[in-house]
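Visitor: my questions concern the predicted model and sequence given below.
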Protein chains: 2
Amino acid sequence: VIVTVTPNPALDLTWPVDRLTPGETHRVPAGAARAGGKGLNVARVLHQQGHPVMAVTTSGGLTGTELARDLAASALPHRLVPVAAATRRSAAIVDAATGEATILNEYGVNHSAAEWNELSDAVSASLPRASVLVGSGSLPEGADTEFFARLVTDARRLGLPTVIDTSGPGLLAAARAGAHILKPNGEELAAATGDNDPVRAARVLIAAGAGLVLVSLGAAGMLAVSAAEPSQHRRARLPRALCGNPTGAGDAAVAAAAFSLAVGETAPESILRRATAWSAAAVLMPVAGEISPRHPELAAELTVELIDVREETR
Amino acid sequence: VIVTVTPNPALDLTWPVDRLTPGETHRVPAGAARAGGKGLNVARVLHQQGHPVMAVTTSGGLTGTELARDLAASALPHRLVPVAAATRRSAAIVDAATGEATILNEYGVNHSAAEWNELSDAVSASLPRASVLVGSGSLPEGADTEFFARLVTDARRLGLPTVIDTSGPGLLAAARAGAHILKPNGEELAAATGDNDPVRAARVLIAAGAGLVLVSLGAAGMLAVSAAEPSQHRRARLPRALCGNPTGAGDAAVAAAAFSLAVGETAPESILRRATAWSAAAVLMPVAGEISPRHPELAAELTVELIDVREETR
C-alpha cells in the first residue's frame, strides 16, 4: 500500500466561465466541489492505476464534511483526522475557450498541537502495511516546517522509501532527513535553495541528504539528479508540446515515482521516464487526479538525455 | 413586520486579492462565507435600522447548512424552507487596492413543485403580521416567472403593499399583478421592456399596473416614475460621487422603499429621497446588507429634480 499524507487539503471548487473579466459579474453554472490537495491527487492517480493506496488527511467544518463526502463517493481508501478549523477552499475559474485556469488558494488554518499529533498517529497506524510513504503539498501557515522531515525519519526507521513534494524550508528539511525522492518544480527548487540553476540547486538537496531529485519544468520536461550519479544527470522531454490541463501534472509525477519505488524500479532513468510519462498523461485529462491510458505510448515516445557534468562545463 | 422573500439565495464567498490576474495562481486568506441573496440583504438593512423583519428563504445541502448557520449567528429573524438541491454559491473576488469586485454568480437549481408550494406557504404564514411584502432577486433557471406576481396578488388580497426587485419576464409579471413599487436598475429595465429610455420604459411598467417605479442608475442617481403623476417624474442625485462598495446598494434602496411604505410615507418624492440616501449610505459600507449611519445627512444633501414631460419633449 502506498500511503499519501496531505496535511493541508482543500475543498476544490471549479467554475467554468466564458471569459473571466476582472471587475465584471459572471453568471456561471453550479461549480463542482471536490476533495483536493496534492496528496489526494497522488492517491487518486495510483487508485486509478489499480495500485493499493491509503490517503491520510484532515477535515474540519462544513467544507471538511463536503471533502469527506466526495472522498467517500470516489471510493478512494482514506483515513480522515478531524480538526477544529474548517478545511480551506481552493477555487479554480476555468476559461471555457482556452482552458486557462485562474486559481485562488486559501492558506489554510494551522492545526493544534494535538491535531498534528493525531495526524502523525494516523500515518503511523498506516505504516505497517505500507510499501512507500508520500508526503505532498503545502503546510498551513505557522505549521512546523519539520513535519515532512519527521515522516521521512519515521519511515526510514521502518525501512520504507519516501517521496516528498513540498516547498520552502520543508523541502530542505525533508532532504536533510534523507528523503528518497523529492519532486519540486523549477520555481519551488529555486525559492528553497536560492539558486536559479536547477541542476546546481538539485545538487544542494542531494548534498543535504536526498537520494533523487526530480525537477518538473512544465513543457520543458523533467530533470533527474541522483546521489548515485554525482557527475551526470538526466533530462526527459516529449518531442512535441501537449495541449490540456496542467493541474495535477506534478502530482501524477509523484504518483509515478512512488509506483516505481513500490514495484522495485530504482534506476533513475526508469523513474524519470515513468514520472515524465504520467505527468504528460495527466495533462491530457480534464481533472487533476487522473492520467490518460495513453501513458505507455508517451513513455515510449519521450527522449531521455544523459548529461555529463564535464561536458556541460566545457 | 416587513416580510422579505428570497427564492434563490446564495452562500456568498468573498476573497480579498492583491490583484486578480487571469491565468495566475493567487494565495488568499480564508474567504468569508455569508448568507446572501438580495432579499436577505434587504432584511439585514431593515434589521440594522431596528425595523421588525422576517426573511423567508430556502436552504439545501451543505451550502444551505452554512447559510442557515450564518443567519442564526446574525440574529436576523428568518424562516427557512428546506429544499433538496444545494443552495448555490456566489463568489466575489475583491481587489484589495481598488475595491473592484469580480463576481461569479451560480444560477441555482430550480425547486420542485412541492418545494415552491412550501415556500409560498411559508410566505402566507408570515403575512397576517406583515406590513409590507418584499420580493427580491433572481429566480432559479426554469422557475415559473409568475412567482413574484402571485405574491403580489396574494398580498393585495390582504391589503398589503409590495416592493418587487427582480428582472426579466418576472418584472413585467409583477407590474401586471399591480406591485406597489418596482426597483429595477437601468439595465434590467431596458432588458425587460426593450426600451433603452428609462423614463419611457418605466411608463411601460406603470401602464401594465405598477404604482411606482424606482430606477437605480448607479452614480447617476435614481428616477421615480409614478402612476399618480402621469406627466412628471423625479430624478434624485448626490452632488458628488461616493467611493465605496456598490454591492447591495440596490437592496438598500428596496429596504428604504419598504420602510417608507411601512411607516405610511407614500409621496413619491419622500420614497425616492429615502431610497437614494439609503442606497448611497450602503456604498459607504464594506459589506452588503448594511448602511452608514450618515444616511440622514445624505438625504439632506441630495437634490431631487421634478421633470415635466412637456419640458422634456420641447
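Guide: Happy to help now that I have it. Computed from a prediction, not measured in an experiment: that's the story for all the values here. Numbers count the residues shown, from 1 in each chain, chains lettered A, B, ... in the order given.
Visitor: quick one: pLDDT of the nearest residue to residue A:229 once chain neighbours are set aside?
Guide: With CB to CB, 6 or more residues apart in numbering or on different chains as the measure, residue A:268 is the residue that lies nearest to residue A:229, at 6.6 Å, once sequence neighbours are left out. The way it works is simple: take the backbone N, C-alpha and C, and place the C-beta from them, glycine included. Taken from the predicted model, the pLDDT recorded for residue A:268 is 96.
Visitor: how close does residue A:268 get to residue A:190?
Guide: Between residue A:268 and residue A:190 the distance, using CB to CB, to the nearest Å, works out to 22 Å.
Visitor: more neighbours, the two?
Guide: With neighbours defined as other CB atoms under 10 Å in any protein chain shown, residue A:268 and residue A:190 compare such that residue A:268 has more, 24 against 16.
Visitor: how near is residue A:139 to residue A:176?
Guide: Residue A:139 is 16 Å from residue A:176, by CB to CB.
Visitor: of those two, who's got more company?
Guide: Under the criterion of other CB under 10 Å, the comparison of residue A:139 against residue A:176 puts residue A:139 first, with 23 against 17.
Visitor: quick one, phi/psi of the more buried one?
Guide: As for residue A:139, its main-chain torsions (degrees, to the nearest 10) stand at phi -110, psi 150.
Visitor: tell me if I'm right that it and residue A:147 touch.
Guide: Yes - Residue A:139 is within contact range of residue A:147, at 6.0 Å (criterion: CB atoms under 8 Å).
Visitor: within range of chain B, give me the residues from chain A.
Guide: Counting by CB under 8 Å from any CB of the partner chain, chain A comes close to chain B at A:13, A:15, A:17, A:20-31, A:62, A:65-66, A:69, A:86, A:88-89, A:91, A:93, A:95, A:100-109.
Visitor: run a quick neighbour tally on residue A:105.
Guide: Using other CB under 10 Å, residue A:105 has 20 other residues around it.
Visitor: identify the residues contacting the residue nearest to residue A:166 when sequence neighbours are not counted.
Guide: Excluding the flanking residues, the one nearest residue A:166 by CB to CB, 6+ apart is residue A:148, at 5.5 Å. Residue A:148 sits next to A:5, A:135, A:139, A:164, A:166, A:170, A:173-174, A:177, A:179 when contact means CB atoms under 8 Å, 6 or more residues apart in numbering or on different chains.
Visitor: closest one of those residues to chain B?
Guide: The shortest distance between chain B and any of these, using CB to the nearest CB, involves residue A:139 and amounts to 13.0 Å.
Visitor: OK, contacts around that closest one?
Guide: Contacts of residue A:139 were listed using CB under 8 Å, 6+ apart, and they are A:7-8, A:145, A:147-148, A:166, A:170.
Visitor: ok, now with 6 Å
Guide: Contacts for residue A:139 (CB atoms under 6 Å, 6 or more residues apart in numbering or on different chains) come out as A:7-8.
Visitor: can you list the neighbours in contact with stretch A:64-84?
Guide: Counting by CB under 6 Å, 6+ apart, stretch A:64-84 makes contact with A:11, A:33-35, A:43, A:47, A:54-56, A:58-60, A:87, A:111, A:115, A:118-119, A:122, B:62, all of which sit outside it.
Visitor: any idea which residue sits dead centre in chain A?
Guide: Per CA atoms, centre = their mean, the C-alpha nearest to the average position across chain A is that of residue A:251, at 3.6 Å.
Visitor: from the contact counts, what lies against the helix or strand where residue A:256 lies?
Guide: Mapping residue A:256 onto the secondary structure by DSSP states H and E places it in helix A:249-262. Helices and strands touching helix A:249-262, as assessed by 3 or more CB pairs under 6 Å, 6 or more residues apart in numbering or on different chains; DSSP states H and E, comprise helix A:38-48, strand A:132-136, strand A:162-165, helix A:268-283.
Visitor: and the residue of the stretch 101-250 of chain A found nearest chain B, which of the three is it?
Guide: Using CB to the nearest CB, the single residue of the stretch 101-250 of chain A nearest to chain B is residue A:103, 4.3 Å away. Assigned with DSSP: H, G, I helix; E, B strand; the rest coil, residue A:103 falls in the strand class.
Visitor: my guess is it contacts residue B:24. True?
Guide: No - applying CB atoms under 6 Å as the test, residue A:103 and residue B:24 come out as separate, 7.4 Å apart.
Visitor: more neighbours: the two, which one.
Guide: Higher neighbour count among residue A:103 and residue B:24: residue A:103, with 18 against 13, using other CB under 10 Å.
Visitor: just give the closest residue to the more buried one, not the sequence neighbours.
Guide: With CB to CB, 6+ apart as the criterion, residue A:103 has its nearest non-adjacent residue at 4.3 Å, and that residue is residue B:25.
Visitor: burial measure for that neighbour, as a count.
Guide: Neighbourhood size, residue B:25 [other CB under 10 Å]: 13.
Visitor: and it, how close does it get to residue A:283?
Guide: Using CB to CB, one obtains 17 Å as the distance from residue B:25 to residue A:283.
Visitor: now the helices for chain A?
Guide: For chain A, helices defined by DSSP state H occupy the ranges A:38-48, A:61-74, A:113-126, A:147-157, A:169-176, A:186-193, A:198-208, A:249-262, A:268-283, A:295-301, A:309-313.
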